[in-house]
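> Give me coordinates for this.
(chains A and B)
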Number of protein chains: 2
Amino acid sequence: MKRSRIKSLYADKPVGNEVIVKGWVRSLRQSKAFSFVVLNDGSSQQDLQIVIDASLENYDEVIKCLTGSSLAIKGKLVESQGKQPVEVQASSVEILGQSPQNYPLQKKGTSMEFLREIAHLRPRTNTFGAVFRVRHELAQATHKFFSERGFYYIHTPIITAMDAEGAGELFRVSTLDAIKPPLDKQGKVIWEKDYFGKEAFLCVTGQLEAEAYACSMGSVYTFGPTFRSENSNTTRHLAEFWMIEPEVAFADLDEVADLGADYIQYMIEHALKYCPEEIEFFNRFIEKGLKDRLEKVVQSKFTKITYTEAVDILKTCGKKFDHPVEWGLDLQTEHERFLTDEKFQGPVIVTDYPKEIKAFYMKQNSDGKTVRAMDILVPGVGEIIGGSQREEDLDKLEARMTELGLDPSLYSWYLDLRRYGTVPHSGFGLGFERAVMYITGMQNIRDVIPFSRTPKSIEF
Amino acid sequence: MKRSRIKSLYADKPVGNEVIVKGWVRSLRQSKAFSFVVLNDGSSQQDLQIVIDASLENYDEVIKCLTGSSLAIKGKLVESQGKQPVEVQASSVEILGQSPQNYPLQKKGTSMEFLREIAHLRPRTNTFGAVFRVRHELAQATHKFFSERGFYYIHTPIITAMDAEGAGELFRVSTLDAIKPPLDKQGKVIWEKDYFGKEAFLCVTGQLEAEAYACSMGSVYTFGPTFRSENSNTTRHLAEFWMIEPEVAFADLDEVADLGADYIQYMIEHALKYCPEEIEFFNRFIEKGLKDRLEKVVQSKFTKITYTEAVDILKTCGKKFDHPVEWGLDLQTEHERFLTDEKFQGPVIVTDYPKEIKAFYMKQNSDGKTVRAMDILVPGVGEIIGGSQREEDLDKLEARMTELGLDPSLYSWYLDLRRYGTVPHSGFGLGFERAVMYITGMQNIRDVIPFSRTPKSIEF
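Predicted coordinates for the structure are as follows:
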């Protein structure tokens, strides 16, 4: 007989059937004639109640099991007289693994900080079980969304020799001796002797490579890890995070802005449909009003304004901001939050940013001042998507690179995409962890990835 | 009007309708009264024929377009008199991007080696378009397969402080100065000053972290990049490759061996169903008999033998091998291929390997000599899956680690999984690129990943 997952027992309710369940003890309540075990197997937000009669052969041993112990239970699924719809009357209980008294997850409430220190055990809690089931469903929704629309999933390289964003926040990857790397006469590292024959880094984006695939397969997307070595300890930054980057040949900025809005709505609808208990849990314990907020976004039209309009709104709204508002400066989270939470009370797409604050590859507008970039801002979080139409004109792209001090010869293959049958194309990036935060209401980005990577933190 | 993908035009055949198609010129054949353009947009193995009448306004300009140029075409979809079922009679043609005469992808045949040097353009060819559409479908199949069976997708860390396999084939990740890292008085690097406060590496597996999640969420899988810095230039090794690693609580080795066999069959069936033209293409041009081979595996029962039986078979089969066959030595590809291709003529699962050649975390058999490991071997390729039941007994695991010179205190969190409610559990790893090779018939692993990473090779 195969074990049943608790999730499927609640879904199918095969009352009267013999079942086998296996999981971990959340709590054990003892009484004279029988005991109750609350069991969780990670498949569901809900625990399963097991009734153990004192007549059970190894009853004395079983009732000594502490929280965290693992059990295999055979028994009959019956309707419950308690709050839960069904429970199991155990006919046999096998103790798989005991858990000692110092098991860190006792019934008492525990802080998020403490749980971060036991990241290998925290998915056994209600909160983190819910987070990672929702994360799973959002990943499935991502693949479904793009696949249904004819996009091809591609794996762009993790190790790269290029600084694709030019921001310099790179981790070096090397097999050279860390103490005595081979040096030339000028005292410079001889990278030719390293594994890849060049200085190599972890990618900050897969965009440039995705562009190559869009310019051959039409519509593609990446879903992979990306890295930033900036030394920032905020609740919104990770050194290692997962990003989804669609890239669409023949699409202009408006088209991918719509795609981004559709994608966000699709993810939310998917989570509401496939994780109703988890969303209910977050709504109750993590962020009051979450469900309402999510349902509203699904029905919203996304307001579209230009950066210039946004600056005008922020300057004339009469509100005091910590960071200055000035045409040419980037929008800060407080500005973005004002636009979404107060001014428009819903998601906002801001387009056509000053070219000086955006990357070299963005399509230049004819005003000479702005580029066809866009950010999608959502209430409660701010920026969740950043994208642009890519400059498809070889001459303009080369000129902009030279202006910025980039050496076009280092980007030769990338420029080939404009040399040989260039096409208009656009794309965006969505930080997956930001999306998980947004949809669960979790407040710290470290709490929506299994094992987070931040400065000085690489346990597990 | 939205552009139509060629794939959907062939699927729906909306004959008589006005359509817009956009893509790249594969060839242009000129005659007096009209010209034919063969267009491909990457969505399909099939090209679309465009008929351009000489009466078209910019006819003279259009017919000068060379292979590789990008066009946007408006016209009527009609039944074709040629081999293809439909074609487009152009009413207007916009030239999006010209392609010069030195465009590297001319109609003449090109070698795989040459195409590797233009990895940013090779997906525009028939072969690589087919490879990456199949790769896409196999990734979708992977998520569907595990999701349907109640597995949760988790993202395990890419940067890690652990050498989880103990093989030492690691890439170091660092932000320290490459020339003058901070050294202590003994001349050792002060890793405390590095970004993560410890020496950090790229992961070789996500298994240990996946075990933590299996021991809380039940059944989980990873699908992410993994890294090996071994200096090997073979057709089967990459420095950066993608791996799928399911990990199942409460499962023994037989259960995950069956899971692995089901997964392989599921992927093949999915590819046959969703990529019939691509498989046909590979069958014709890459590996004669491929389709037959794949269909056979779907119907096969996987033969299960122990390592000890395998050694007996290899020793007594009368065949000469280049590598010695001796109990205690690992099986080589030639041995695996003999078992699958000649002896059993189908997939083979080999179990219970000598513990000396396997990793520390594998469950020890009572014979004291072997561990509950398994490899799944498939015809034409050899090993495609490696897995094991994990040692769930804390004392045995610690003893084995000490025996191997590993310091259990470095694995404290991993050992916690046995300390607190330990459960039997098993898992395996499948190298995604090997699976793509197996299902496409491609012979070099560099040709089934968009941009390959091998020694001295990090272009793009």
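> What separation do you get for residue A:408 and chain B?
Computed as C-beta to the nearest C-beta, to the nearest Å, the residue A:408 to chain B distance reads 15 Å. Where you see a C-beta, it was placed from the backbone N, CA and C, and this is true even at glycine.
> show me the contacts for the nearest residue to residue A:236 once chain neighbours are set aside.
Once flanking residues are discounted, residue A:236 sits nearest to residue A:445: 5.5 Å by C-beta to C-beta, 6 or more residues apart in numbering or on different chains. Taking C-beta atoms under 8 Å, 6 or more residues apart in numbering or on different chains as the criterion, residue A:445 is in contact with A:235-238, A:241, A:433-434, A:437, A:452.
> now do residue A:176
Contacts were defined as C-beta under 8 Å, 6+ apart; by that measure residue A:176 touches A:182, A:189, A:193-194, B:178.
> go on, residue A:29?
With contacts taken as C-beta under 8 Å, 6+ apart, residue A:29 has the following neighbours: A:35-36, A:38.
> cool, and residue A:289?
The contact partners of residue A:289, by C-beta under 8 Å, 6+ apart, come to residue A:283.
> Let me know whether residue A:275 touches residue A:132 as I believe.
No - contact between residue A:275 and residue A:132 fails when scored by C-beta atoms under 8 Å: they sit 10.8 Å apart.
> what about residue A:39, which SS state?
Under the three-state scheme (DSSP: H, G, I helix; E, B strand; the rest coil), residue A:39 adopts strand.
> beta partners for it?
In this structure, residue A:39 has the following beta-bridge partners (DSSP bridges): residue A:25, residue A:48.
> Domains in chain A, by residue range?
Domain assignment for chain A, taken from automatic domain parsing, gives A:6-97, A:124-169+A:204-447.
> would you put the C-alpha positions of stretch A:265-284 in PDB?
Written as PDB, here are the backbone C-alpha positions of stretch A:265-284 (Å, rounded to 0.1, in the frame of the first residue of the first chain):
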ATOM      1  CA  GLN A 265      -2.000  39.000 -13.000                       C
ATOM      2  CA  TYR A 266      -1.600  35.400 -14.200                       C
ATOM      3  CA  MET A 267       0.700  34.600 -11.300                       C
ATOM      4  CA  ILE A 268      -1.700  36.100  -8.800                       C
ATOM      5  CA  GLU A 269      -4.700  34.200 -10.200                       C
ATOM      6  CA  HIS A 270      -2.700  31.000 -10.200                       C
ATOM      7  CA  ALA A 271      -1.700  31.400  -6.600                       C
ATOM      8  CA  LEU A 272      -5.300  32.200  -5.600                       C
ATOM      9  CA  LYS A 273      -6.500  29.100  -7.400                       C
ATOM     10  CA  TYR A 274      -3.900  26.600  -6.400                       C
ATOM     11  CA  CYS A 275      -2.900  27.900  -2.900                       C
ATOM     12  CA  PRO A 276      -6.200  29.100  -1.300                       C
ATOM     13  CA  GLU A 277      -5.200  27.800   2.100                       C
ATOM     14  CA  GLU A 278      -1.800  29.400   2.000                       C
ATOM     15  CA  ILE A 279      -3.100  32.800   0.900                       C
ATOM     16  CA  GLU A 280      -5.700  32.500   3.600                       C
ATOM     17  CA  PHE A 281      -2.900  31.900   6.100                       C
ATOM     18  CA  PHE A 282      -0.900  34.900   4.900                       C
ATOM     19  CA  ASN A 283      -4.000  37.000   4.900                       C
ATOM     20  CA  ARG A 284      -4.600  36.100   8.600                       C
END
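> Distance-wise, check residue A:18 relative to residue A:54.
Relative to residue A:54, residue A:18 is positioned 21 Å away (C-beta to C-beta, to the nearest Å).
> For the stretch 1-150 of chain A, which residues are neighbours of chain B?
Remark: the part of the stretch 1-150 of chain A in contact with chain B comprises A:3, A:5, A:7-8, A:22-25, A:41-43, A:68-70, A:72, A:96-100, A:103-104, A:118-121, A:123-124, A:129, A:132-133, A:135-136, A:139-140, A:143, A:147, A:150, using C-beta under 8 Å from any C-beta of the partner chain.
> now do 6 Å
By the criterion of C-beta under 6 Å from any C-beta of the partner chain, the positions of the stretch 1-150 of chain A lying close to chain B are A:3, A:5, A:22, A:24, A:41-43, A:68-70, A:96-97, A:99, A:103, A:120, A:123-124, A:136, A:139-140, A:143, A:147, A:150.
> can you tell me which of the residues you listed are in helices?
Among these, the members falling in helices (DSSP state H) are A:136, A:139-140, A:143, A:147.
> are any of these buried, and which?
A:136, A:139-140, A:143, A:147 (16 or more other C-beta atoms under 10 Å in any protein chain shown).
> pLDDT added to the residues you listed, as JSON lines?
Written out in JSON lines, the entries for those read as follows (pLDDT from 0 to 100):
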{"residue": "A:136", "pLDDT": "98"}
{"residue": "A:139", "pLDDT": "98"}
{"residue": "A:140", "pLDDT": "98"}
{"residue": "A:143", "pLDDT": "98"}
{"residue": "A:147", "pLDDT": "98"}
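> Near the residue of the stretch 301-450 of chain A found nearest chain B, how many other residues are there?
Proximity to chain B, evaluated over the stretch 301-450 of chain A using C-beta to the nearest C-beta, is greatest for residue A:422 at 3.5 Å. By the measure other C-beta atoms under 10 Å in any protein chain shown, the count of residues near residue A:422 is 23.
> And for residue A:79?
With neighbours defined by other C-beta under 10 Å, the count for residue A:79 comes to 11.
> Next, work out how far apart the residue nearest to residue A:34 when sequence neighbours are not counted and residue B:153 are.
Distance criterion C-beta to C-beta, 6+ apart; nearest residue to residue A:34, sequence neighbours excluded, is residue A:53 at 4.9 Å. When distances are taken as C-beta to C-beta, residue A:53 and residue B:153 turn out to be 39 Å apart.
> Neighbour count: those two, which is higher?
Neighbours around residue A:53 and residue B:153, counted as other C-beta under 10 Å, are more numerous at residue B:153. The numbers are 21 against 13.
> Wait, that one touches residue A:134, no?
No - at 11.6 Å, residue B:153 and residue A:134 do not qualify as touching, with contact defined as C-beta atoms under 6 Å.
> that older thread, deepest in the core, which of the domains of chain A is it.
When neighbours are counted by mean count of other C-beta atoms under 10 Å in any protein chain shown, the highest per-stretch mean among those falls to domain A:124-169+A:204-447, a mean of 20.
> what's the span of that one from first residue to last?
Distance between the boundary residues of domain A:124-169+A:204-447 (C-alpha to C-alpha, to the nearest Å) amounts to 14 Å.
> Surely residue A:406 is in a helix?
No - when three-state DSSP is applied, residue A:406 is found to be coil, with no helix at that position.
> contacting residues around the closest residue to it other than its chain neighbours?
Among residues not flanking residue A:406 along the chain, residue A:360 sits closest, at 6.1 Å (C-beta to C-beta, 6+ apart). Residue A:360 makes contacts with A:400-401, A:404, as judged by C-beta atoms under 6 Å, 6 or more residues apart in numbering or on different chains.
> Enumerate every residue touching residue A:435.
Contacts of residue A:435 were listed using C-beta under 6 Å, 6+ apart, and none were found.
> again, 7 Å this time
The neighbours of residue A:435, taking C-beta atoms under 7 Å, 6 or more residues apart in numbering or on different chains as the test, are A:138, A:267, A:384.
> just the strands in the stretch 301-450 of chain A please.
Ranges of strands within the stretch 301-450 of chain A are A:303-306, A:348-354, A:370-378, A:382-390, A:425-431, based on DSSP state E, counting those that start in this stretch.
> export those to JSON lines and tack on mean pLDDT and distance to chain B?
Formatted as JSON lines, those follow (pLDDT from 0 to 100; distance: least, C-beta to the nearest C-beta, whole Å):
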{"stretch": "strand A:303-306", "mean pLDDT": "98", "distance to chain B": "19"}
{"stretch": "strand A:348-354", "mean pLDDT": "98", "distance to chain B": "20"}
{"stretch": "strand A:370-378", "mean pLDDT": "97", "distance to chain B": "17"}
{"stretch": "strand A:382-390", "mean pLDDT": "95", "distance to chain B": "13"}
{"stretch": "strand A:425-431", "mean pLDDT": "98", "distance to chain B": "10"}
